[in-house]
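**Q** Predicted model and sequence follow; I will ask about them next.
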Amino acid sequence: MIKKKKLIIFMPSIEGGGVEKNLFIVSKYLSSKINNVGLITCNSEYRKFFKRIDFICPKSNFWKKKSRIYKYFICLILLAKILFKNKNYLVLAFQANFYCTILSKLLGANIIVRSNASPSGYSKGFFKKNLYKVIFSLADEIIVNSNDFKYQFKKTFSLNSICIYNPLNFTEIIKKSKERIIFPFFKKKKILKIINIARFTGQKDHLTFLKALKLLKNKIEFRAVIIGQGVNRGLIHNFIHDNDLHKNIKILNFQKNPYKYLRASDIFILTSKYEGLPNVLLEAATLKKFIISTNCPTGPREILMNGKAGGLVKMGDYKSISKIIMLFDKNHKKFNKHINLAFNSLKRFDYDINLKKYLEITKKYLQD
């Protein structure tokens with residue numbers, strides 16, 4: 001076991017998305033290899049997921065129901081208190097990277113930043129771009145989760161980063177997908193089943209997904225399920241209601257096990273405006289589903305091998321999404337080569353190989 005410095009993982013707001021899945025996997029692995037691992041978060045309800053980890057959160061449950069910015073604030077205070085007492089820490093930031101980097105360097109701590117989303121989503125404009133460049137240059141290491149992301153980071157900020165793919169727990173996904181599902185909405189035979197799993201935010205652009213399905217309404221028989229939670233739930237619900245799509249589309253709240261719904265589907269669709277490396281595409285490929293995704297920065301193009309392993313369309317291009325769905329509905333078998341190629345390319349995301357890379361980079365600073 002590695003000793004000396006203590007590792008503090010910083011994740012103020014745990015919301016059940018792709019970043020959180022990586023948080024659970026990486027923290028579990030690191031805590032099995034490193035002594036003295038802590039986690040700072042506002043979401044005390046996730047304590048059970050972090051065994052062998054010093055779980056650090058506000059005493060009051062007041063904060064866990066607040067927005068991200070409030071969670072960032074209180075968790076930065078918790079981190080400051082720790083670093084004031086002892087600077088012999090390594091901070092691994094999964095969230096609030098900008099603020100966490102400033103605080104860590106002001107208080108003399110090493111910090112590794114894990115960037116989760118393409119710079120195109122948050123660094124628009126000369127001032128923002130240069131401000132992020134200055135702050136991120138202070139970090140000891142920057143981890144990104146795709147080679148395209150690494151290129152974008154270099155192009156935008158002129159900063160080097162380390163690419164570590166999201167570790168894919170292939171065995172767990174397969175196992176959980178086999179759990180019995182009671183979902184009458186998908187029971188009808190000879191009907192196309194479509195799924196979207198994403199937080200209900202502007203980043204995920206659910207309106208493009210819904211507009212594509214609207215075009216299909218009187219052309220093919222289909223059922224679509226949208227799984228997630230977030231501020232845009234009302235917007236999604238209103239579009240379904242206003243366009244009389246309630247018989248075709250169903251909204252489900254966040255699911256602890258979305259894989260059983262994914263397994264019951266035929267097509268997975270992602271319509272994001274920007275990403276890092278979307279886990280959900282890897283999970284869909286694992287379960288051999290045909291994938292349609294926007295060619296957003298970054299991740300989908302890399303996962304889908306420039307469109308050879310799935311449908312890749314321009315952001316917001318709901319008409320192309322609709323056309324690909326109709327082609328798939330006419331002849332499923334024609335798309336098997338795309339499905340198989342996506343599945344066979346998953347070796348890049350090997351669970352052990354990528355987790356060992358996290359260990360190597362943290363070990364480097366823990367042993368300084």
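**A** That came in fine, so what should we check first?
**Q** ok, now which ones touch residue 327?
**A** Neighbouring residues of residue 327 by Cβ atoms under 8 Å, 6 or more residues apart in numbering: residue 334. Heads up, the C-betas are built off the backbone N, CA and C, glycines and all.
**Q** what about it, distance to residue 225?
**A** Counting by Cβ to Cβ, to the nearest Å, the separation of residue 327 from residue 225 is 21 Å.
**Q** ok, now residue 340?
**A** Distance, residue 340 to residue 225, using Cβ to Cβ: 25 Å.
**Q** Same drill for these two, tell me which one is more crowded.
**A** The residue with more neighbours, out of residue 340 and residue 225, is residue 225; 22 against 13, by other Cβ atoms under 10 Å.
**Q** helix/strand/coil for the more buried one?
**A** Using DSSP: H, G, I helix; E, B strand; the rest coil, the structure places residue 225 in strand.
**Q** what sits opposite it in the beta ladder?
**A** Residue 225 has these beta-bridge partners by DSSP bridges: residue 195, residue 250.
**Q** That one contacts residue 266, doesn't it?
**A** No: look at residue 225 against residue 266 with Cβ atoms under 8 Å: they stay out of range, at 11.6 Å.
**Q** what residues are shared contacts of these two?
**A** Common contacts of residue 225 and residue 266, defined by Cβ under 8 Å, 6+ apart, comprise 193-194.
**Q** Outline the domain layout of the chain.
**A** According to automatic domain parsing, the chain comprises the domains 6-167+350-366, 170-349.
**Q** With mean pLDDT as extra columns, can I get these in CSV?
**A** Shown next, in CSV, are the domains of the chain (pLDDT from 0 to 100):
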stretch, mean pLDDT
domain 6-167+350-366, 91
domain 170-349, 95
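**Q** Residue 141 and residue 165: what is the separation?
**A** Using Cβ to Cβ, residue 141 is found at 16 Å from residue 165.
**Q** Can you name the next helix or strand after the top helix by length along the chain?
**A** Identified as the longest helix of the chain according to DSSP state H is helix 68-85. Counting by DSSP states H and E, the element after helix 68-85 in chain order, helix or strand, is strand 89-93.
**Q** Spell out which strands sit alongside that following strand in the sheet and which way each one runs.
**A** Taking DSSP bridges as the criterion, strand 89-93 sits next to strand 6-10 (parallel), strand 110-114 (parallel) in its sheet.
**Q** tell me the contacts of the spatially closest residue to residue 78 that is not a sequence neighbour?
**A** Closest residue to residue 78 apart from its sequence neighbours, by Cβ to Cβ, 6 or more residues apart in numbering: residue 40 at 5.3 Å. By Cβ under 8 Å, 6+ apart, the contact set of residue 40 is 8-12, 56-57, 75, 78-79, 82.
**Q** who's residue 40 bridged to?
**A** Under the criterion DSSP bridges, residue 40 forms beta bridges with residue 10, residue 56.
**Q** Return the distance of it relative to residue 220.
**A** 49 Å.
**Q** same question, residue 280
**A** Using Cβ to Cβ, residue 280 is found at 24 Å from residue 220.
**Q** Repeat that for residue 277.
**A** 31 Å.
**Q** For the two, indicate the residue with more neighbours.
**A** Taking other Cβ under 10 Å, residue 277 and residue 220 do not tie; residue 277 has more neighbours (27 against 14).
**Q** Wait, the more buried one touches residue 147, no?
**A** No: the criterion here is Cβ under 8 Å, and residue 277 misses it with residue 147 at 9.6 Å.
**Q** what do these two both touch?
**A** Both residue 277 and residue 147 are in contact with residue 302, where contact means Cβ under 8 Å, 6+ apart.
**Q** quick one, strands of the stretch 201-350 of the chain?
**A** Listed in chain order, the strands of the stretch 201-350 of the chain (DSSP state E, counting those that start in this stretch) span residues 222-227, 249-252, 267-270, 290-294, 311-313.
**Q** so who does residue 179 touch?
**A** 257, 259-260.
**Q** How about the contacts made by residue 222?
**A** By Cβ under 8 Å, 6+ apart, the neighbours of residue 222 are 191-194, 213, 216, 248, 325, 329.
**Q** Which among these count as buried?
**A** Using 16 or more other Cβ atoms under 10 Å as the burial test, the contacts of residue 222 include 192-194, 213, 216, 248, 325, 329 as buried.
**Q** Now do the helices in the stretch 251-368 of the chain.
**A** With DSSP state H, counting those that start in this stretch as the criterion, the stretch 251-368 of the chain has helices at 259-263, 279-286, 300-303, 318-330, 336-344, 351-366.
**Q** now these in TSV, with distance to residue 69?
**A** Formatted as TSV, the helices of the stretch 251-368 of the chain follow (distance: least, Cβ to Cβ, whole Å):
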stretch	distance to residue 69
helix 259-263	32
helix 279-286	24
helix 300-303	28
helix 318-330	32
helix 336-344	37
helix 351-366	28
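**Q** Would you tell me which one of the ones you listed is buried the most?
**A** Greatest average neighbour count among the helices of the stretch 251-368 of the chain goes to helix 279-286 (a mean of 25), per mean count of other Cβ atoms under 10 Å.
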